[in-house]
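Visitor: quick one, structure for this:
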Amino acid sequence: MAITGGDDTGAASGLYALVDRIRSGEPPLPDGQKAQIVTPRLGLRLTDAGSVGREPDVAAFAAGTDYSLNTDVVGGALLPGAPWVDQVAVERISRQFHQFVEHSLAQGYNAVVLPGFLEYIAFSRVGDGHAVYPGADSHIARADALTAAFAPVFRYAADMGMKVYLLTDMLAVSPPLQQYLEKTYGGLNVEDPHFWRVYALGLAELFERMPFVSGLMIRVGEGGDVYKQPGWDYSSKIAVTTPQAVRTMLDTLLGAAGEAGRDIIFRTWTVGVGAVGDLHTDPAAYEQVLGGFDNSHLIVSTKYSLGDFYSHLPFNSTLEVGAQRRIVEFQSRREFEAFGSLPNDLTGLHQQALQRFLAANPHVEGVWTWTQDGGPLRAGPMTLLLRSGFWQLYDLNSYALGRLAWDPATPAAQITADWARQTFSDDPATVTAICRMMSMSREAVTKGLYLGPYADDKVEALGLEPPPMMWIFEWDIVTGDSAALDSIYAVSRDRLEQTIAEGDRAVALAASMQETIAATDPATWRDATLRAKLIDTLAYETDLFRTLGAYRAMFLRHAQWLDTGSASARSAWLVAERQYRTARDAHVARYGGDVDLPAYNFTAADIGATRADRDPLMAVLARILLGLVVLLLLVGAVGRSTGMRALWLGATRPWRLADLSPLPNRLDRLLVIAVPAAALMLSRLVFTWFAAPAHLVVSLGGWLLFALTARVVAGRRDPFHLWAAIGGVAMLRTVILLAAMILHGPGGYWFAFWTDPVRRSIYVCIAFAAFAWLFVAVALVLRDRYSLPRRRATAVVLAGLGVPLVVLGGLVAVLGLERALTIWNDQMALLPWGLSRILGITVYLGIPTYLPSVAVALGAALLGAASLLSLRRRARPGTDGPRPALPAGLSGRHSRLGPDRPDDAPLRGALPALPSRRPAIPLPSRIPRANEDDPGEDHNPRHAL
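Guide: So this is what the prediction gives:
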């Protein structure tokens, strides 16, 4: 046979395609044809870098806690000093890269994407060549060393007929580069074309250093320390967040690329970031950002799904619009579906997506297949493409996309059969069994790892769109937080039985798949080791789905009990919990520490389950406490105890505290402190399942600091009535909290909070009103009982509010907001446990990390305002001028007479002697104002006397 190509690359591609047909058991030409012209449907077929540069570190993979997302292939060769590169490591990486390139060519790909940009350039074209890296900056020597070491390695792909693209996040910076940009442009002014000129000059330098590079791929939607190479000072920032910034960046960089005849590939992965946050999923946003942007050197790359690489998501409608050249992104080793460790034939799904986009958009010209990338490098199974683990399972998807890019009409079943024949066996019965097993794989995965009724709905929460697999959080952490689990139940409540039954269906499918492969003849397999691996994998899948099925039944039945109070739901919950704990123990015992088939992480699930177990008891305690608190308040309302009467008035009518009679005794003084303190402590312990001391520190600490501050600032007065006002409101707040827990404990409280907007709004309004009532009640008591002027009473309240903000805000600032939220959330189990360990609570929810400092500053401002209000007025308006002379020996500093003031000695000498004791004069319990209708401030009782 003869193969004729338009060039060497075309001839080589034709040879690989012909060999693939022969290896698949097909005739070289279909239907007995003597000649055939083959033109690939998609001219640009990219891959990532596979597992190049990554090593099978058993200890790191066994720990399963390394969530680094850095994908640099050169990291293993870096040295901290000159000569900067380990040549032995370079040679190892080179061998891996050659192997990967040859494998990708055989699958029909013609381009590769490699991470890297800043580390290969010295900005020699900027200024005098030393503006960014002045003098003998080590970045220059490192760039020279890395280029000299790896340019020949990467050139191998170009020599073999593949295009080479480098990949970077923007904004990419090094410390000197960031300093130069900030100094020159007054900050990271990403909407300034001159700002991007620096990067354009760097890009032109890169094309000079590596002339075989075909272009640069850019992502602006992710960045930060989690993507840094350890020990490396190159990093990235999420800074390009406006349409103008995107257009300015692309326009400037495309100028440099066009001059060199290269391309810029811009990824639309910008989910949730700034004004361009909807670029990836909203055609209108796509038009706003890129509409009318016409440049032949621009290629726009977009994931095929309307979101990340999850199942149950629609196809991405933004791929059907736009006039730019487009490529479609696919992932072979599905990170959210056990990292490719489970059989997961995506051929049919990918074929549907590709055919749809080709029909809708004539500008689609390529695919980008992630053969290995996606998710953390060492937090899943230790499968490295071509080198470690059962990588053949997910290599099916890479092989299939290579075939589909050539001919999207190729039957999906034929592609799977060809892969099975090439990989495992050429025995027809065995190939049929493998294909039957793979035909069940998608349903098993989508039912075993997803909760269908929830996953099929578009859900929004906290301004974000949670992914369809929230019960398993990034990537193998089975979550136990109430926010996710209660929301999942609320969405799927009407199809609860279906949701639980899908878990059973997944187990049955996995078991059937295992039986199908186990029934094949071992002698027909090309490699007995691969057959054993596949059977072990299917046993793992069956065990995993059984454990997850028990867990889904457990948390859904618990949520059903929280929702309905049904005795049957509670009984089913307890049965499912026993099944879950048995299955989980067996799963962890069997697969814990296994780097090829690792056990899922059930830490968060167990935290949530432990708190759920306490809900019934907490509900009982809440009822008892609520009854006691209400009873004590009623005693205060109708009884004769001055202490309890004071608490009742403090909660309901603090302005009547001055009418209390008789005067409080020692027991009364103890009651107004001890009863509210006990109510606060016990109710908050119930609220936190007796398991969250961090919440108690903040909650009870705030009450304590407010009370002590008010006591100190109020001065040397009898604090009984002040304690009564604060304690009364504390008991009122306790009643509100306990009332929300009497049915189903704290779990019921949070269930209503997450799932019922009406109840949540009512509770928040009532609780906030009671919170605000505290400050009103204290101010009223200070004025009516202690006769403080309005300014002084306001000062006390402001100080009482300011001190907790300063103290508690300062404590959080010292700990760090992320750490403080992590400690609190680990104990309360409200948000996903893995959130802080992977993305960060503050990052994911967009919480500014400077909030504790803001709280401290606000508290300080309140204290400052309180100090100003506490200052006595020296003179009233209109009283300026000389004061009348006082008799000799009199001091003008005193506004009151009193025998116990040490400074009164001169005064006592000038006036008739006063008795040493005040006469026992019967007094009314309240001193009336001089004019009851006068809205002015109260007179001091001593002055009135």
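Visitor: find the nearest non-adjacent residue to residue 422, please.
Guide: Excluding its sequence neighbours, the residue lying closest to residue 422 (Cβ to Cβ, 6 or more residues apart in numbering) is residue 23, at 5.0 Å. Any C-beta I mention is one placed from the backbone N, CA and C, and that applies to glycine too.
Visitor: surely that neighbour and residue 423 touch.
Guide: No - between residue 23 and residue 423 there is no contact under Cβ atoms under 8 Å: 10.0 Å.
Visitor: what about the two, which has more around it?
Guide: residue 423 (18 against 14; other Cβ atoms under 10 Å).
Visitor: need the contact list for that one.
Guide: 392, 395, 396, 530 (Cβ atoms under 8 Å, 6 or more residues apart in numbering).
Visitor: check residue 334 too.
Guide: So residue 334 contacts 309, 340, 344, 346, 374, 394 (Cβ under 8 Å, 6+ apart).
Visitor: next one: phi and psi at the residue positioned nearest the centre of the chain?
Guide: What sits nearest the mean C-alpha location of the chain, by Cα atoms, centre = their mean, is residue 844, with 3.1 Å. The phi and psi values for residue 844, taken as degrees, to the nearest 10, are phi -60, psi -40.
Visitor: got it, and the one 3 residues further on?
Guide: Summarising the backbone geometry of residue 847 under the convention degrees, to the nearest 10, its torsions are phi -90, psi 120.
Visitor: what is the neighbour count of it?
Guide: Around residue 847 there are 14 residues (other Cβ under 10 Å).
Visitor: pretty sure it is touching residue 825, no?
Guide: No - using Cβ under 8 Å, residue 847 is not in contact with residue 825, being 12.0 Å away.
Visitor: now the common contact residues for those two.
Guide: With Cβ under 8 Å, 6+ apart, residue 847 and residue 825 have common neighbours residue 841.
Visitor: tell me who's in contact with the residue nearest to residue 422.
Guide: For residue 23, counting by Cβ under 8 Å, 6+ apart, the contacting residues are 418, 421, 422.
Visitor: quick one: which helix or strand includes the last one?
Guide: In the assignment (DSSP states H and E), residue 422 maps to helix 412-423.
Visitor: how about that helix: buried residues?
Guide: 412, 415, 416, 417, 418, 419, 420, 421, 422, 423 (16 or more other Cβ atoms under 10 Å).
Visitor: and those as a markdown table, adding pLDDT and distance to residue 28?
Guide: A markdown table is the format used below for those (pLDDT from 0 to 100; distance: Cβ to Cβ, whole Å):
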| residue | pLDDT | distance to residue 28 |
| --- | --- | --- |
| 412 | 97 | 23 |
| 415 | 97 | 18 |
| 416 | 98 | 21 |
| 417 | 97 | 18 |
| 418 | 97 | 14 |
| 419 | 97 | 19 |
| 420 | 97 | 21 |
| 421 | 97 | 16 |
| 422 | 96 | 16 |
| 423 | 97 | 21 |
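Visitor: ok, the residues you listed vs residue 762, which is closest?
Guide: residue 412 (53.2 Å; Cβ to Cβ).
Visitor: surely that closest one touches residue 347?
Guide: Yes - Residue 412 lies in contact with residue 347 (Cβ under 8 Å); the separation is 4.2 Å.
Visitor: what's the overlap in contacts for these two?
Guide: Common neighbours of residue 412 and residue 347, using Cβ under 8 Å, 6+ apart, are residue 400.
Visitor: dump the contacts of residue 423 to JSON lines, plus secondary structure.
Guide: As requested, those are exported to JSON lines (DSSP: H, G, I helix; E, B strand; the rest coil):
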{"residue": "392", "secondary structure": "helix"}
{"residue": "395", "secondary structure": "helix"}
{"residue": "396", "secondary structure": "helix"}
{"residue": "530", "secondary structure": "helix"}
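Visitor: how about those, which pair is most distant?
Guide: Greatest spatial distance among the contacts of residue 423 (Cβ to Cβ): 396 and 530, at 12.8 Å.
Visitor: who's more crowded, those two?
Guide: Of the pair residue 396 and residue 530, residue 396 is the one with more neighbours under other Cβ under 10 Å, namely 23 against 16.
Visitor: pick the one among the contacts of residue 423 closest to residue 810.
Guide: Using Cβ to Cβ, those come closest to residue 810 at residue 395, 54.5 Å.
Visitor: quick one on the thing from earlier: check which residues of the following helix or strand past the helix holding residue 422 are buried.
Guide: Proceeding N to C from helix 412-423, the next assigned helix or strand is helix 428-448, under DSSP H and E. Neighbour-count burial for helix 428-448 flags 430-431, 433-435, 437-438, 440-442, 444-448 (criterion: 16+ other Cβ under 10 Å).
Visitor: and the gap between the residue nearest to residue 422 and residue 428?
Guide: Residue 23 sits 15 Å away from residue 428, going by Cβ to Cβ, to the nearest Å.
Visitor: backbone dihedrals for the nearest residue to residue 360 once chain neighbours are set aside, both of them.
Guide: Leaving aside its sequence neighbours, residue 360 sits nearest to residue 320 (Cβ to Cβ, 6+ apart; 4.0 Å). Backbone torsions of residue 320, given as degrees, to the nearest 10, read phi -100, psi 0.
Visitor: repeat that for the one 3 residues further on.
Guide: The phi and psi torsions at residue 323 (degrees, to the nearest 10) take the values phi -100, psi 0.
Visitor: same deal with residue 513?
Guide: Note on residue 513: backbone dihedrals following degrees, to the nearest 10 are phi -60, psi -40.
Visitor: tell me which element residue 510 falls in.
Guide: Secondary structure assigned from DSSP H and E places residue 510 in helix 496-518.
Visitor: would you agree residue 232 is in contact with residue 80?
Guide: No - counting by Cβ under 8 Å, residue 232 stays clear of residue 80, with 9.7 Å between them.
Visitor: these two: which has the busier surroundings?
Guide: Using other Cβ under 10 Å as the criterion, residue 232 and residue 80 rank with residue 232 on top: 17 against 7.
Visitor: check the spacing between residue 713 and residue 855 real quick.
Guide: From residue 713 to residue 855 the distance is 20 Å (Cβ to Cβ).
Visitor: low-confidence ranges in the stretch 151-300 of the chain?
Guide: Flagging of the stretch 151-300 of the chain using pLDDT under 70 yields the residue ranges 273-274.
Visitor: so which residues of it form helices?
Guide: Assigned by DSSP state H, counting those that start in this stretch, the stretch 151-300 of the chain shows helices spanning 175-185, 193-209, 243-260, 283-290.
Visitor: by contact count, what packs against the shortest one?
Guide: Right, the one you point to is helix 283-290. Under the contact criterion of 3 or more Cβ pairs under 8 Å, 6 or more residues apart in numbering; DSSP states H and E, helix 283-290 touches helix 243-260.
Visitor: convert stretch 364-376 to PDB, retaining C-alpha atoms only.
Guide: Taking C-alpha atoms only, stretch 364-376 is exported to PDB below (Å, rounded to 0.1, in the frame of the first residue of the first chain):
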ATOM      1  CA  VAL A 364     -15.500  25.000  15.600                       C
ATOM      2  CA  GLU A 365     -12.200  23.700  14.300                       C
ATOM      3  CA  GLY A 366     -10.700  21.600  17.000                       C
ATOM      4  CA  VAL A 367     -10.700  19.700  20.300                       C
ATOM      5  CA  TRP A 368      -8.500  19.900  23.400                       C
ATOM      6  CA  THR A 369      -8.400  16.600  25.300                       C
ATOM      7  CA  TRP A 370      -7.200  16.500  28.900                       C
ATOM      8  CA  THR A 371      -5.600  13.100  29.000                       C
ATOM      9  CA  GLN A 372      -4.400  13.400  32.600                       C
ATOM     10  CA  ASP A 373      -5.000  16.900  33.900                       C
ATOM     11  CA  GLY A 374      -7.800  18.200  36.100                       C
ATOM     12  CA  GLY A 375      -7.900  18.400  39.900                       C
ATOM     13  CA  PRO A 376      -5.100  17.900  42.400                       C
END
